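> Provided below are the primary sequence and the corresponding predicted coordinates.
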Amino acid sequence: LAKLDSNGDFIWQKRIAHPSSVNNKPQYSALSLIIHSDSTLYLTTRERKNLFPDELKWAKVHFFVIDTSGNELEHYTFQDTQFNYGQYGLLKTNSKVIYSNLISEHSSWPPSSQPDWHYRSVLTCLDQNYQLKWKDTLIPDFVVPFNYESPQKLIQTSDTSFAGAYTRADGYINEDTTVYWVLFPVRLFNKSLETGEDIWTRNFRYFPEDSARRYTHEIIDIERTYDDGFIMCGSVISADSAQAGRPAQYGYVVKTNCLGFFGDPQTAASYNFGEENTVSFNNQSIQAGSYQWDFGDGTTLTTGEDTTAILYEYSASGIYTVQLIGYGCNGKSDTLNFTIDFEYTEPGYAGDGTLLTLYPNPVSTGNSLAFYIGNLEEGNHYLNVFNSLGQKVDHFPITDANTNYLYPIDYAAGMYIFSLESNGEVLEIEKLVVE
């Protein structure tokens with residue numbers, strides 16, 4: 001561990017020793033170094049032993065508290081499974097330590113049957129005495145670890161929550177034991193400090209996919225921005241481009257608001273009449289963190305973003321003006337007012353379409369477009385793009401709802417129509433201006 005001045009010269013250097021009773025040299029790796037609020041340094045390291053295939057394999061994590069002169073103040077070790085393989089994500093609060101790690105409990109390498117070697121990506125929370133408080137599994141089962149399936153950094157977002165990002169990962173092995181692997185979309189999350197439960201998650205996928213759906217998504221870094229949003233950077237690798245000898249790796253930078261969205265709330269709702277003055281409301285809004293309903297009879301209801309279906313019973317039939325407000329970041333909101341009439345019991349829809357949203361609009365050619373796919377029902381969905389002459393210039397399958405797709409624009413300047421369709425039916429149309 002070293003401290004350097006602004007010229008790169010050493011102020012001090014310290015050797016951090018691992019006490020261990022193992023004779024045949026375990027391997028050590030420095031993981032994360034952060035500055036705590038009291039100015040002390042907080043260091044995590046990984047200790048593992050896997051020198052020979054026929055020997056027991058294990059891994060554990062060390063935590064060091066170090067003063068500003070590099071002196072070790074405290075040292076703790078944690079290992080609750082045989083293979084507790086610490087990763088880079090680390091967060092230290094006054095009462096908790098949260099770190100990312102991979103877990104596997106196999107005893108040798110290579111295992112007798114390679115497909116049996118599986119991992120879990122986990123967030124582990126320890127209390128101030130370094131006792132286990134909770135565990136949260138991010139990815140329950142995958143074959144080949146590549147680091148990006150664990151958060152590289154954890155950020156406290158409030159007194160009760162923290163955020164991070166990782167890549168959904170999976171791998172499979174064919175008959176000749178060749179390993180194929182896929183790093184799925186980057187997932188940005190905000191979780192409860194107390195329980196580790198998700199407050200919200202957002203998916204980001206580079207688009208269009210290659211023929212094997214094997215774009216490798218890598219998340220390298222994440223930071224909080226001045227407006228309490230997030231900025232992430234990483235890269236994607238195309239298997240098709242690599243095999244064809246073309247440039248295959250692309251960097252990306254993504255900036256979101258405090259809720260992980262690109263834009264402000266957009267409210268929309270549908271409704272169906274039931275028996276005995278009941279109405280089923282379905283919240284089809286997007287990009288809000290919370291909602292407030294006013295049912296027009298003096299009753300209000302506040303919900304989170306995950307509550308979409310509401311069954312409400314009125315005391316009497318009649319005409320009611322319903323209000324739905326979606327709340328976003330920095331005071332932004334969107335209000336929808338619509339009327340229901342019990343004399344006309346046909347299903348209804350209110351608000352602008354929220355299945356397809358484009359950012360930015362207009363966009364400059366050569367830049368990237370982000371389009372958000374909302375609450376699609378299961379089905380065969382695809383996106384068609386037409387130029388101003390009505391000619392189809394692109395056609396993409398849509399595989400994931402509630403996902404941000406990052407799409408490089410190489411169209412000529414002009415007006416384009418993006419048509420979201422399912423089995424021949426047009427679900428939503430948006431216009432895009434390319435400058």
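That came through fine.

> Quick one: mean pLDDT over stretch 203-220.
Stretch 203-220 comes out with an average pLDDT of 71.

> That should have said stretch 289-305, apologies.
96.

> Now do it: everything it contacts.
Contact with stretch 289-305 is made by 200, 259, 267, 281, 283, 285, 288, 307, 310, 312, 314-315, 320-329, 340, as judged by Cβ atoms under 8 Å, 6 or more residues apart in numbering. Quick note: C-beta positions are derived from backbone N, CA and C, even for glycine.

> in that stretch, what's buried?
Using 16 or more other Cβ atoms under 10 Å as the test for burial, stretch 289-305 gives 289-291, 293-296, 305.

> Check Y372 and give its pLDDT.
The per-residue pLDDT of Y372 was computed as 89.

> Run a quick neighbour tally on it.
When neighbours are counted by other Cβ atoms under 10 Å, Y372 registers 22.

> Touching, it and L355? I think so.
No - using Cβ atoms under 8 Å as the test, Y372 is too far from L355 to be in contact (9.1 Å).

> just the strands in the stretch 101-250 of the chain please.
Using DSSP state E, counting those that start in this stretch, the strands found in the stretch 101-250 of the chain span residues 119-127, 132-142, 154-156, 161-173, 179-192, 198-206, 216-224, 230-237, 249-256.

> now the strands for the stretch 251-400 of the chain?
Using DSSP E, counting those that start in this stretch, strands in the stretch 251-400 of the chain cover 268-273, 278-283, 290-294, 300-304, 309-313, 319-327, 333-341, 348-351, 356-359, 368-373, 381-386, 392-398.

> what bits of this protein have low per-residue confidence?
For the chain, the stretches flagged by pLDDT under 70 are 17-26, 50-56, 104-118, 141-147, 169-184, 207-215.

> re the thing from before, highest mean neighbour count out of the strands of the stretch 251-400 of the chain?
strand 368-373 (a mean of 21; mean count of other Cβ atoms under 10 Å).

> Report the strands that pair with it, each with its relative direction.
Sheet pairing of strand 368-373 (DSSP bridges) gives strand 356-359 (antiparallel), strand 403-408 (antiparallel).

> quick one: the residue of the chain positioned farthest from its centre and G318, what's the gap?
The C-alpha centroid of the chain is most remote from E343, which lies 45.0 Å away (Cα atoms, centre = their mean). According to Cβ to Cβ, to the nearest Å, E343 stands 9 Å off from G318.

> Same check on S333?
Applying Cβ to Cβ to S333 and G318 gives a distance of 28 Å.

> Surely K431 touches I417?
Yes - using Cβ under 8 Å, K431 is in contact with I417, at 6.0 Å.

> out of the two, which sits in the more crowded spot?
I417 (16 against 11).

> before we move on, the earlier item: let's have the strands of the stretch 101-250 of the chain in a markdown table, adding mean neighbour count.
Listed next are these as a markdown table, based on neighbours: other Cβ atoms under 10 Å:
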| stretch | mean neighbour count |
| --- | --- |
| strand 119-127 | 21 |
| strand 132-142 | 16 |
| strand 154-156 | 19 |
| strand 161-173 | 21 |
| strand 179-192 | 20 |
| strand 198-206 | 19 |
| strand 216-224 | 18 |
| strand 230-237 | 18 |
| strand 249-256 | 15 |
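
> Ok, which of the ones you listed comes nearest S39?
strand 154-156 (16.6 Å; Cβ to Cβ).

> which of the buried residues of stretch 289-305 sit farthest apart?
Farthest pair in those (Cβ to Cβ) is G289 and G296. Separation: 24.0 Å.

> hmm, back to that, columns distance to F162 on top of the strands of the stretch 251-400 of the chain, output as TSV?
Shown next, in TSV, are the strands of the stretch 251-400 of the chain (distance: least, Cβ to Cβ, whole Å):
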stretch	distance to F162
strand 268-273	31
strand 278-283	27
strand 290-294	19
strand 300-304	18
strand 309-313	29
strand 319-327	21
strand 333-341	25
strand 348-351	33
strand 356-359	26
strand 368-373	24
strand 381-386	34
strand 392-398	31
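
> looking at the ones you listed, which is closest to D240?
If we rank the strands of the stretch 251-400 of the chain by Cβ to Cβ, the stretch that ends up nearest is strand 392-398, at 14.7 Å.

> So what are the sheet partners of that closest one and their directions?
strand 381-386 (antiparallel).

> what number of residues lie near N7?
For N7, using other Cβ under 10 Å, the count is 5.

> any idea how far F64 lies from L43?
In terms of Cβ to Cβ, F64 sits 4 Å off from L43.

> Give the residues shared as contacts by those two.
Joint contacts of F64 and L43 (Cβ under 8 Å, 6+ apart) are I16.

> of all the strands of the stretch 251-400 of the chain, which lies closest to T167?
Closest approach to T167 among the strands of the stretch 251-400 of the chain (Cβ to Cβ): strand 368-373, 17.8 Å.

> tilt between that closest one and strand 198-206?
130 degrees (axes from the mean of the first three to the mean of the last three Cα atoms, to 10 degrees).

> what does strand 368-373 rub up against?
So strand 368-373 is contacted by 252, 254, 261-263, 286-287, 355-360, 363, 381, 383, 398, 400-409, 418, 420, 432 (Cβ under 8 Å, 6+ apart).

> For it, list the C-alpha coordinates in CSV.
This file holds the C-alpha atoms of strand 368-373, laid out as CSV (Å, rounded to 0.1, in the frame of the first residue of the first chain):
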residue,chain,number,x,y,z
SER,A,368,-26.1,6.6,-30.4
LEU,A,369,-29.8,6.5,-29.9
ALA,A,370,-31.4,5.0,-26.8
PHE,A,371,-34.9,3.6,-27.0
TYR,A,372,-36.8,2.3,-24.0
ILE,A,373,-39.2,-0.6,-24.4
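
> The residue lying closest to N101 once chain neighbours are set aside and S158: what is the separation?
Using Cβ to Cβ, 6 or more residues apart in numbering and skipping the chain neighbours, the partner closest in space to N101 is G86 (4.8 Å). Separation of G86 from S158 (Cβ to Cβ) stands at 26 Å.

> Compare neighbour counts for the two and give me the winner.
Using other Cβ under 10 Å as the criterion, G86 and S158 rank with G86 on top: 27 against 11.

> and the more buried one, what is it in contact with?
Here G86 is in contact with 31, 44-46, 59-61, 99-101 (Cβ under 8 Å, 6+ apart).
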